[in-house]
Every structure is written in C-alpha cells, then in structure tokens.
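Engineer: Just the structure for this:
(one chain, ligands or ions: 1)
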Amino acid sequence: MDELFFGSCLPLAALVATIFLSLLFRLLALDGKETAGARLPPGPWNLPVIGSLHHLAGAPPHRALLRLARRHGPLMLLRLGEVPTVVVSSPEAAAEVMRTHDPVFASRPQGAMVDVVGFGGKGIIFAPYGEHWRQMRKVCVVELLSARQVRRMERIRQAEVSRLVESAAAASASPAAVNLSQVLTALANNVIARAVFGGECRQQEAYLRALEAVATLAGGFSLPDLFPSSRLARWLSCAARDLRRSHARVVSITAGIVQERMEKRRTTTPVADADVQDEDLLDVLLRLQEEGSLTLPLTTEIISAVISDIFGAATDTTASTLEWVMAELIRDPQAMSRATCEIRQKLGQGRVTITNADLGDLPYLRMVIKETLRLRPAAPLILRASQENCRIMGYDIPKGSPVFINTFAVARDPKYWDKADEFRPERFARSTPEYKWTDIEFIPFGAGRRQCPGALFATTTMELTLANLLYHFDWALPDGADPKALDMSEVFGLTIRRRSNLCMLPALHLPH
Ligand code: HEM
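Structural biologist: Modelled structure (predicted):
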C-alpha cells in the first residue's frame, strides 16, 4: 500500500499503530449494532482497524477490487478503514444501482477530503442529490455542455489540434520523440480553458497548476476519509492540510478571474445577440447570474465551484484516454493500420485542416475510442452513496453506505465480453456508430441521473485529435523499441494515468 493510496506523510504502520487503540473499541461496538438483522453483501475477511484495506495492496484499487469480486461476487461489502463500502462489479448489479434504484444512489459519498475538493457540495460533481444539484445539472446540460455549445466550441478545438499537429510536424523533422503524455494533457487543458475562460485569461497557467496540485492530493484514499470519526487521523494527515491549502489557492485564483470578468462585463456595452454567440462558459454563467432567472441564486462561489468541477472532470479524463488510445494502437499494428487507412481514405490526400464535420463516417475510429474506454476507463470507480435503506440483488444496503461502481470490472465481465482483457475494437461493430452509451455493460461515462454530461464534449475532442494524429503522421516507438514491451502500467489517482510518459516518433505522412 503506497503513499498515493493514503496521501499521508507518515508511514502507514506508524499511523495505524497510533490510531489503533483509539478506534478499536468503537469499531468492534459498531460492527454488531448497525447491521443487526440485515442481510449484508458478502466480502473478504477484515482486520481490526484497517478492515479490508490489506486486500487492496499490490495493485491499483480497480484491479484489486476486480480480483476480489471474482472471489466474493458482483456485490461486495468491504470495510475501508472504518467505512463499510459497497462495491458493484457486474452489469446486473450496476443496472440495479444505476437504473432500478437510481434516485436512491444519486448522491456521492461525503467526507473530509471530498468536502474540500467538492467545494462543500456547491459545485456539481459532489453536490448532494437535491435542488441545488438539479439546478446545476440543468445549467450544465442545457447551457454549458449542450450539443449546440459543443458545436460552438469547434473553432477552439480546431485551433488547439492544429497547434498539436504543427508541433508534431516540427518534431518529425528532428530525431526527437514527441512526449504525447505532455502534449495531449496540454491540448485537453487548453481546449477546456479556452472554452471556459475564452482566449485571454492571464491566470490560466497558475490556475491549471493549482488544480493539478489538488488532483494529485485528492487521488486515492486518505486517512481522514478512511477514519472519519478519528480526530487523530485528521490531525496526522498532511494530505488533508495540503489539500486545503492547494484548494484555497484554486478558490482564490478562480475568484480573481471571475471578479475580473465581472468588472469587464460591467464596463462594456450590454449584450447583443452577436455577443451571446461568442460567449465562453464563464460568460454564460455570469449572464445567468445577472438575469436572476434561476430558482436558487447563482452566487459567485457557486460559479467558481462549477468552473473548477468542469476543469477537474474534463482535462485528465480526456488526456489520459487519448494517451491510452495511442498506446493501444502502437501495440496493435493491425488496428493502427486500419484506423489510419480509414481516415486517409475517407478524407483523401492533401488535407491541411480536418473538422469534426469531416468525421461523420469513421466507424473504426469510434470503435477504437470505445474499446479504449472499455479497457482503460478514465474513471474506473464511480462514487455514489445510498440515501436510504435499499435491497440490491437480495442484499440489504444500509442508508448512507458509500458505493463504488467498478466500471472496469463491469466492462470485463466474461458473460458480456469475449476475451475481455484484449484490445479488440471490432467487438463494437455490432453497435451503432453513434455514441449512445446506453448499454449497462459499457459505462465509462456512468449511467442514470448522474451520468457524465460532458460525454459529447469529450468524444468530439478525442475524435478530432485522433483523426489528425493518424491522418498526418505514421507513428513508431523511439529506438526501434518493441511495441509489445511498452510499459502499460497505471497510476491510480482521480483518473487512471499511465505510469510512464508515452513518447513516440511521428513521421509526416506524405501522400504518394
Ligand atoms: C473521456 C472523458 C470523460 C470520462 C471517461 C468521464 C467520465 C465520467 C464519469 C464516470 C462520471 C460519473 C458518472 C456517474 O456518476 O454515473 C462523470 C461525471 C461528470 N463529468 Fe465526465 N467524463 C469525461 C469527460 C468529461 C468532460 C469533457 C466534461 C465537461 C466538459 C465532464 C463533466 C462531468 C461532470 C460535470 C460530471 C458530474 C455529473 C454529476 O454529478 O451530475 N466530463 N464523468
């Protein structure tokens, strides 16, 4: 169990020993009382104090939980520290949680770290299911991330992808490899930053750095979340302190950006229709605030929280998926060749600019993205919490239980997926070329009321980027390295990233 897991600055053994006595009696007392008479899901054996945590050692949590599910079943109860946590690992169990009982599980777990990252529920991702969440969800779906808004962002995507193509073209003239991990992260950051702030935000770099610090600290399980009743755990945890500090920086930078924009809006001529067309997402939120048309007032604090949530949800997920796509393709020359031929044949020779409108009929490219999302879901553990007592698959789930939906396990269920561990984009040939994301065995964007509202935004960016990378370049690993030996290990954080940077050599494709 590594530091990332606990986000703490003291070794695990010392911490566990220190808090052991203060928790042991309370835990033993609770175990019997709260679950009397209930038929709880099965799970692995527990140790005092740390509960089931030792079962998660040695592998990223989504993989360790899949291993446990194969032994204990699709609905498990684990005790993570002192928190009884339900883990869902099959399409059937996911359907019960995210469809049949969706409203019961439409909240996210609360906790010391989540409260900080989630702006105390004022944003959208960690907002409890209720009026505020409903309103912000509507604002996201109708105003910020609608199909119309995604189309309007075309210019931004184009500009950022062109920048990426230019830098890869420059690299192709030298022996240097392109660090795809870096450039794809920059691309995802810039697309979302320009969508939210427009083109002229001075603090963008500082903001992204502060957000990255928060994401690093918030990834994994932290002592305060594992031992919520222990003041000692809170006191000992550096992660919580560091997180609060980094988060305060995000809040202060966002407040500065919002304040500056409010000033600018006050001093410029009122909105005409043409201006509305040019609004970035911050403008949209400030316009809604000025109009005062929402049921609950849209405070500046809420605007800051929603903006940070969109950044947090959009950047690493998109970048890491693109990285994995390129890594999977380089390891599978047949798939790489098929995807590349498809796009080159479809677009013909000599195209400088490729737009999303050009990508209407590229079924294989979409299959590649879908298969990558299945094998490498950016957010493999979806967090929910039960709002009332509920029965799932014949087991009792007590009110307030955190629930992890392991989308990674769901997308590897052998009942639904043949040779589930292999990268085989063709398996998606059976479905429509549209992204419907309705099959419960394939839920990289979640399902139900809390399903990702940014799926269209993400897939549009990923398709355009990938199409450009494959149309303009042939790719290889540096120094003639064997693609099969490429390091594919993962780091578990807020998203699943590659442990090592993905560096590849682009060769500019010159049509014959
Ligand atoms: C490959 C890219 C992405 C993946 C894999 C992904 C995945 C997810 C998942 C699994 C959830 C939780 C869903 C649930 O509870 O059922 C989620 C929530 C969310 N995502 Fe995404 N996402 C991606 C990109 C984006 C983008 C680009 C945006 C915005 C521009 C976005 C905005 C959000 C928001 C606001 C939520 C919270 C929704 C709520 O709680 O009501 N995501 N995403």
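
Engineer: Let me know the secondary structure of Ala319.
Structural biologist: When the structure is reduced to helix, strand and coil (DSSP: H, G, I helix; E, B strand; the rest coil), Ala319 reads as helix.

Engineer: wait, it sits on Val183?
Structural biologist: No: under the criterion of Cβ atoms under 8 Å, Ala319 lies out of contact with Val183, with a separation of 9.3 Å. The C-beta positions use only the backbone N, C-alpha and C, and glycine is treated the same way.

Engineer: More neighbours: which of those two?
Structural biologist: Set side by side, Ala319 and Val183 give different neighbour counts by other Cβ atoms under 10 Å, the larger being at Ala319 (27 against 21).

Engineer: can you pull the contacts of that one?
Structural biologist: Each residue near Ala319 by Cβ atoms under 8 Å, 6 or more residues apart in numbering is listed here: Ser181, Leu184, Thr185, Leu187, Ala188, Asn189.

Engineer: again, but for Thr216
Structural biologist: Per Cβ under 8 Å, 6+ apart, neighbours of Thr216: Gly493.

Engineer: Which helix or strand contains it?
Structural biologist: Counting by DSSP states H and E, the element that carries Thr216 is helix 204-218.

Engineer: what's the average pLDDT for that helix?
Structural biologist: Helix 204-218 shows an average pLDDT of 81 in the prediction.

Engineer: repeat for stretch 473-488
Structural biologist: 94.

Engineer: now do stretch 382-400
Structural biologist: 96.

Engineer: for stretch 225-244, same thing?
Structural biologist: 82.

Engineer: Buried ones in it, by neighbour count?
Structural biologist: 225-228, 230, 232-234, 236-237, 239-240, 242-243 (16 or more other Cβ atoms under 10 Å).

Engineer: residue boundaries of the strands in the stretch 1-150 of the chain?
Structural biologist: 75-80, 83-88 (DSSP state E, counting those that start in this stretch).

Engineer: orientation of the first one relative to strand 83-88 in degrees?
Structural biologist: Strand 75-80 runs at 150 degrees relative to strand 83-88, counting by axes from the mean of the first three to the mean of the last three Cα atoms, to 10 degrees.

Engineer: Can you name the residues in contact with strand 75-80?
Structural biologist: 40-44, 46, 51-53, 55, 65, 68-69, 84-90, 93, 221, 226, 392-393, 395.

Engineer: ok now do the residue of the stretch 151-300 of the chain found nearest the ligand, which residues does it touch?
Structural biologist: The minimum distance from the stretch 151-300 of the chain to the ligand, using Cβ to the nearest ligand atom, falls at Ile192 (6.2 Å). With contact taken as Cβ under 8 Å, 6+ apart, Ile192 is in contact with Ile310, Phe311, Ala314, Thr315, Thr318.

Engineer: out of the residues you listed, who's near the ligand?
Structural biologist: Contacts with the ligand within the contacts of Ile192, as defined by Cβ under 6 Å from any ligand atom: Ile310, Ala314, Thr318.

Engineer: and of those, the nearest to the ligand?
Structural biologist: Distances from the ligand to those, taken as Cβ to the nearest ligand atom, are shortest for Ala314 (3.4 Å).

Engineer: how about the residues of the protein near the ligand?
Structural biologist: Selection of the chain residues close to the ligand by Cβ under 6 Å from any ligand atom yields 124-125, 137, 140, 145, 309-310, 313-314, 317-318, 321, 378-379, 382, 444-448, 450-454, 457-458.

Engineer: Buried subset of those residues, written for ChimeraX?
Structural biologist: Selecting only the buried members of those in ChimeraX, with burial defined as 16+ other Cβ under 10 Å, works like this:
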select :124,125,137,140,145,309,310,313,314,317,318,321,378,379,382,444,445,446,447,448,450,452,453,454,457,458
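
Engineer: In strands, which of the residues of the chain next to the ligand fall?
Structural biologist: Assigned to strands by DSSP state E, the following of the residues of the chain next to the ligand qualify: Ile382.

Engineer: Inside helices: which ones of the residues of the chain next to the ligand?
Structural biologist: Taking DSSP state H as the definition of helices, the residues of the chain next to the ligand contribute Arg137, Asp309, Ile310, Ala313, Ala314, Thr317, Thr318, Thr321, Phe457, Ala458.

Engineer: what two of these have the greatest distance between them?
Structural biologist: Greatest spacing in those, by Cβ to Cβ: Arg137 and Thr321 (23.0 Å).

Engineer: What is the neighbour count of the nearest residue to Ala195 once chain neighbours are set aside?
Structural biologist: Nearest non-adjacent residue to Ala195, counting by Cβ to Cβ, 6 or more residues apart in numbering: Met153, 5.1 Å away. Taking other Cβ under 10 Å as the criterion, the count of residues near Met153 is 20.

Engineer: Which elements pack onto the following helix or strand past the helix holding Thr216?
Structural biologist: Counting by DSSP H and E, the element after helix 204-218 in chain order, helix or strand, is helix 223-226. Helices and strands in packing contact with helix 223-226 are listed as helix 112-117, helix 231-236, helix 238-267; criterion 3 or more Cβ pairs under 8 Å, 6 or more residues apart in numbering; DSSP states H and E.

Engineer: Would you format the ones you listed as JSON lines with distance to Leu75 included?
Structural biologist: Conversion of the helices and strands packed on helix 223-226 to JSON lines gives the following (distance: least, Cβ to Cβ, whole Å):
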{"stretch": "helix 112-117", "distance to Leu75": "23"}
{"stretch": "helix 231-236", "distance to Leu75": "28"}
{"stretch": "helix 238-267", "distance to Leu75": "30"}
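
Engineer: Of the ones you listed, give the one that comes closest to Ala159.
Structural biologist: Judged by Cβ to Cβ, the one of the helices and strands packed on helix 223-226 that comes nearest to Ala159 is helix 238-267, at 20.7 Å.

Engineer: and that closest one, what does it pack onto?
Structural biologist: Counting by 3+ Cβ pairs under 8 Å, 6+ apart, the elements that helix 238-267 packs against turn out to be helix 112-117, helix 204-218, helix 223-226, helix 281-291, helix 300-331.

Engineer: circling back to that earlier point, just the buried ones from the contacts of strand 75-80, in PyMOL syntax?
Structural biologist: Selecting only the buried entries of the contacts of strand 75-80 in PyMOL, with 16+ other Cβ under 10 Å as the criterion:
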select buried, resi 40+41+43+44+46+51+52+53+55+65+68+69+84+85+86+87+88+89+90+93+221+226+392+395
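
Engineer: Burial check on Leu365, number of neighbours?
Structural biologist: When neighbours are defined as other Cβ under 10 Å, Leu365 has 24 of them.

Engineer: For my notes, confirm it occurs in a helix.
Structural biologist: Yes: the assignment for Leu365 by three-state DSSP puts it in a helix.

Engineer: For the ligand, see how far away it is.
Structural biologist: Look at Leu365 and the ligand: by Cβ to the nearest ligand atom, to the nearest Å, they are 15 Å apart.

Engineer: what sits against that residue?
Structural biologist: For Leu365, counting by Cβ under 8 Å, 6+ apart, the contacting residues are Ala339, Glu342, Ile343, Leu359, Glu463, Leu466, Ala467, Leu470.
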